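Engineer: Kindly return the folded structure for what I paste below:
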Amino acid sequence: MASVLHSGSDDGIGSKLESGHPSPGIDNEVNGKECAFSRPEPFADLTSTRVEYLNVAGPLLPLVVQQGPQRGEGEEKGSIFWVAKWQRAPEYLNLLYDLAISSVLSVFGNTHAILDGPSIIAYFSYFIIIWWVWASQVVYDCRFQGNDWMHRLFKFLELGAFTYIGVFAEQFDPTNIVPPSSTDTFDEIIQYQSAQAWKGAAIAYTLSRVLLALQYLYVACVTKPQPRREKWDSFVIPIVTCILSAVLWLISALLTQSAAAKLVLGYGALVLEMLITVGASSLKNSISPSYGMLGDRFADLTVVILAEGVLGIVQTLASVVSGFGLNAGGSKLNGYSECISSLVIVFGTWHFIFHAYDPEQPFRNPRTSTSWAFLHLPLHFLILLLLTSMTGVAVFGNIYGAVNMLSTEYIQSLNLTEVDTSRLETLLSPDTVLQFNKLGLDPPFLTEVADLYNQSAVLSIFQNGSDPDAAPPTIDPYITSLVYFTNVMWVAAGSYDVNLSPLTSDLYNQLTNTSNAWYNDSDYMSALENDTQNTYLEYCNSFTLDIATPAQLFLPSAGGLLLLAAVLTVFRTYGIPGPEDESPASVTWPSYQLHSVGQASVIAMYPTVAHMSRPWQIVVMIWDWTPFALHVIVAIVLLFCGFLDLPTNTLDRQVNPIDSVIAVGWALPIVAIAFGVLMILDCVILVAARKARGGRFMHRIHHSKEL
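Structural biologist: Numbering: from 1, shown residues only. Purely as a prediction, here's the structure:
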């Protein structure tokens, strides 16, 4: 069999069973010398440095890829690849790792609602852990990951470490990381579970650091001796940093007393890792990650996170269109307009982030690429925050509007029908009854209301004394109605998977446990009704704030993302000037001319106006930065809306203009209009700039090199 697999044919072409096609000569993989299986001289022109081993079962990958500087592959300015292009791991292997972080984020997002500032901090505290596990691995992959069996084993172990961290997502809470002295009460059990989650996540993070250190050690061992000595700091610094971080996180996991010490040890080590990674990447003698590969990986993760968020939006909007609340509130716009607005916002988010991203355009220098990459930490978090708050806006509009209107009709039906239950059909519209029926209440809405009518009639007869022998009612209709509608709001929130705060949950339990039995003591019943009403109003207020908080974050998160995307665009197109970029202005421009602010090198960007007067050059300079300025202005306006917080109010009062915008359903359309206008202006301004540079409106095929 071996002779068949490795024998050449009579004409000197390698076995098709081995290569699948006439394969090039097999060069020595270490020193480039021709081995015994090289093809004869007539086929020397087909010889390639790439070794093609192909079996019917797939490529015959090597166990180990020896690494070293690839001098012939420095297509990026100032970069030296440590792995040849044909030796790099395939992209689909990287995509698998990118999807892992999306899955972990999805699990964490489903169990941790954004209700207030502390919940946002808790969300970010977990997000930064898994994001850095991913990012630090990407920095390694973009330098050293080869297409060999060892790196596939490493990738399997990386996925295991990532999954291990994700296992503890549900109970993760950085405010409860010290185990209690006992587990006798329910709260102590929750605290114990949270402390165990922190311990598990910290140990998982420790293992991920040990694994990353082993990968750097492995690369140092398989690198050629001379390059290893020249670039020794590129191996030693990451190894020492990862080991130090692993030790600190392990100590944080095992501590059982001080919560502050546990947090400082863990997150301090993580921040230290980030700073050392950024600093080491900019060292002159370091092996910098490939600019193009680094940009592609971070861009891929951005798309994955955006797509994961879109999935959540689609699910929410499907519930909005078909679930409780559609056309039942005071909203001026229905669920279909929310769908259109969400589509515009999602596409606008993609446009602002990726419009200036060109994988063929290299970064100016390592400082620019590294800064651009690490700015994706706040970018990815803002994307998650924007998409979460966007679904919150749709949910708030549906629940708030429907509850507000239905409660009014509900109370009116109780007040006006008196003893005539036949009037129920005329007072409650079919749409109102439909909304209640969508919730699957127990007892059903019509059954409950009819029973309340009957009890109200019995109470009326009993109290007015028209029938001396009249029996008292068995329940208090007013208390029963408040408890029933408390359950309506609770079930409505559950239909949209809204996580309510502990305060709202406590008030709900208090109301549902309130006795509605009737006692022949008017003072007692009056006091009980007043107490129940006060608790109900407090519940309504807390419920409103719970469903409004995600919606409240929508405008500022949209502004923050827009601002950060504009900054990233400048980093991508202009970058951080390096010493090699500095050149005397007199070389290219006459002394009276201004340099183009938007260009990295001093060149005549606009030939048609290059020799015009200084005022016209100022116009050109301003024109260059107009899109950026417009994006920043709109972003600042949206961010300012974050200061207009939703006040503590009841369901029937809105005293803040931004609250009113959210309540009537205009938050999504306003941001959609802003994003849409900015995209149109981008198109107009950039096409005009293209024309001013001598380009055409239509890029014709036979003018492939024109602007």
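
Engineer: Sticking with the residue nearest the centre of the chain, tell me its helix or strand.
Structural biologist: Most central in the chain under C-alpha atoms, centre = their mean is L384, positioned 3.1 Å from the mean C-alpha point. L384 belongs to helix 376-417 when elements are defined using DSSP states H and E.

Engineer: got it, and Y216?
Structural biologist: Here Y216 is assigned to helix 186-222, by DSSP H and E.

Engineer: ok, now A113?
Structural biologist: A113 belongs to no helix or strand, assigned by DSSP H and E.

Engineer: Now I121. Nearest residue, chain neighbours left out?
Structural biologist: Once flanking residues are discounted, I121 sits nearest to P174: 7.6 Å by C-beta to C-beta, 6 or more residues apart in numbering. C-beta coordinates here come from the backbone N, C-alpha and C atoms, glycine included.

Engineer: residue contacts, the one you found?
Structural biologist: Shown in contact with P174 (C-beta atoms under 8 Å, 6 or more residues apart in numbering): 121-122, 125-126, 198, 263.

Engineer: Identify the farthest-apart pair in those.
Structural biologist: I121 and W198 (14.6 Å; C-beta to C-beta).

Engineer: Give me the more crowded residue out of the two.
Structural biologist: Neighbour comparison, I121 and W198: the larger count goes to W198, with 24 against 11 (by other C-beta atoms under 10 Å).

Engineer: Now that one. Nearest residue, chain neighbours left out?
Structural biologist: The shortest distance from W198 to any non-neighbouring residue, by C-beta to C-beta, 6+ apart, is to I177 (4.0 Å).

Engineer: Likewise for A195?
Structural biologist: The spatial neighbour of A195 that comes closest, neighbours along the chain excluded (C-beta to C-beta, 6+ apart), is P179 at 4.1 Å.

Engineer: For the one you found, give me phi and psi.
Structural biologist: Main-chain dihedrals, P179, degrees, to the nearest 10: phi -70, psi 150.

Engineer: Count the residues that sit near it.
Structural biologist: The local packing count at P179 equals 18, with neighbours defined by other C-beta under 10 Å.

Engineer: doesn't I189 make contact with it?
Structural biologist: No. With contact defined as C-beta atoms under 8 Å, P179 does not reach I189; the gap is 10.8 Å.

Engineer: okay, how far is it across stretch 86-96, tip to tip?
Structural biologist: Using C-alpha to C-alpha, to the nearest Å, one end of stretch 86-96 lies 20 Å from the other.

Engineer: what comes up buried for that stretch?
Structural biologist: 87-89, 94 (16 or more other C-beta atoms under 10 Å).

Engineer: Just those residues: which are in helices?
Structural biologist: Among those, the residues falling in helices (DSSP state H) are N94.

Engineer: mind giving me the domain ranges of the protein?
Structural biologist: When the chain is parsed with automatic domain parsing, its domains come out as 88-288, 290-582+625-707.

Engineer: Now do stretch 346-360, average pLDDT.
Structural biologist: Averaging pLDDT along stretch 346-360 gives 85.

Engineer: now stretch 402-412
Structural biologist: Mean predicted lDDT for stretch 402-412 stands at 69.

Engineer: Same question for stretch 556-564.
Structural biologist: Mean pLDDT, computed over stretch 556-564, is 93.

Engineer: Give me the contacts around that stretch.
Structural biologist: Stretch 556-564 is contacted by residues 345, 349, 352, 375, 378-379, 382-383, 385-386, 389, 631-632, 634-642, 671, 674-675, 678 when judged by C-beta under 8 Å, 6+ apart.

Engineer: residue ranges of the strands in the stretch 501-650 of the chain, please?
Structural biologist: In the stretch 501-650 of the chain, no strands are defined using DSSP state E, counting those that start in this stretch.

Engineer: low-confidence ranges in it?
Structural biologist: When residues are selected by pLDDT under 70, those of the stretch 501-650 of the chain lie in 574-621, 642-650.

Engineer: can you give me the helices for it?
Structural biologist: Secondary structure of the stretch 501-650 of the chain (DSSP state H, counting those that start in this stretch): helices at 502-512, 522-552, 554-573, 614-624, 626-640.

Engineer: again with the stretch 151-300 of the chain
Structural biologist: Ranges of helices in the stretch 151-300 of the chain, per DSSP H, counting those that start in this stretch, are 186-222, 225-230, 233-254, 259-281, 291-322.

Engineer: which of the residues in stretch 625-641 are buried?
Structural biologist: In stretch 625-641, counting by 16+ other C-beta under 10 Å, buried: 627-628, 630-632, 634-635, 638-639, 641.

Engineer: Y357: which of the helices of the stretch 501-650 of the chain is closest?
Structural biologist: helix 554-573 (6.2 Å).

Engineer: how far is that closest one from where the chain is centred?
Structural biologist: 14 Å (C-alpha atoms, centre = their mean, to the nearest Å).

Engineer: Could you do stretch 93-113 as well?
Structural biologist: Put simply, stretch 93-113 sits 9 Å off its chain's centre (C-alpha atoms, centre = their mean).

Engineer: Name the residues of it that are buried.
Structural biologist: Quick answer for stretch 93-113 (16+ other C-beta under 10 Å): 94, 97-102, 104-106, 108-109, 112-113.

Engineer: And for the closest residue to V403 other than its chain neighbours, the neighbour number?
Structural biologist: Excluding the flanking residues, the one nearest V403 by C-beta to C-beta, 6+ apart is M489, at 5.6 Å. Neighbour count of M489, defined by other C-beta under 10 Å: 25.

Engineer: what about the host helix or strand of M489, average pLDDT?
Structural biologist: Element membership of M489, judged by DSSP H and E, is helix 477-495. The pLDDT scores in helix 477-495 average 86.

Engineer: how big is the angle separating it from helix 522-552?
Structural biologist: Angle, helix 477-495 to helix 522-552, by axes from the mean of the first three to the mean of the last three C-alpha atoms, to 10 degrees: 20 degrees.

Engineer: okay, the angle between helix 477-495 and helix 502-512?
Structural biologist: Using the same axes, to 10 degrees: helix 477-495 against helix 502-512 is 140 degrees.

Engineer: what number of residues lie near N509?
Structural biologist: Applying other C-beta under 10 Å, I find that N509 has 10 neighbouring residues.

Engineer: Hmm, A667 is touching L555, no?
Structural biologist: Yes. With contact defined as C-beta under 8 Å, A667 and L555 form a contacting pair (6.6 Å).

Engineer: where do the contact lists of the two overlap?
Structural biologist: By C-beta under 8 Å, 6+ apart, A667 and L555 have no common neighbours.

Engineer: before we move on, back to that, could I get the contacting residues of the residue nearest to A195?
Structural biologist: Neighbouring residues of P179 by C-beta under 8 Å, 6+ apart: 191-192, 195-196, 256.

Engineer: any idea how far it is from Q196?
Structural biologist: To Q196, P179 is 7 Å away according to C-beta to C-beta, to the nearest Å.

Engineer: What pLDDT is listed against L375?
Structural biologist: For L375, pLDDT reads 89.

Engineer: Burial check on V664, number of neighbours?
Structural biologist: Neighbours of V664 using other C-beta under 10 Å come to 16.

Engineer: ignore the last one, Y192
Structural biologist: The burial count assigned to Y192 is 17, neighbours taken as other C-beta under 10 Å.

Engineer: Make sure it is actually in contact with T183.
Structural biologist: Yes. In this structure, Y192 is within contact of T183 by C-beta under 8 Å, at 5.2 Å.

Engineer: quick one: least confident helix or strand in the protein?
Structural biologist: Ranked by mean pLDDT, DSSP states H and E, the weakest helix or strand in the chain is helix 16-19, scoring a mean of 36.
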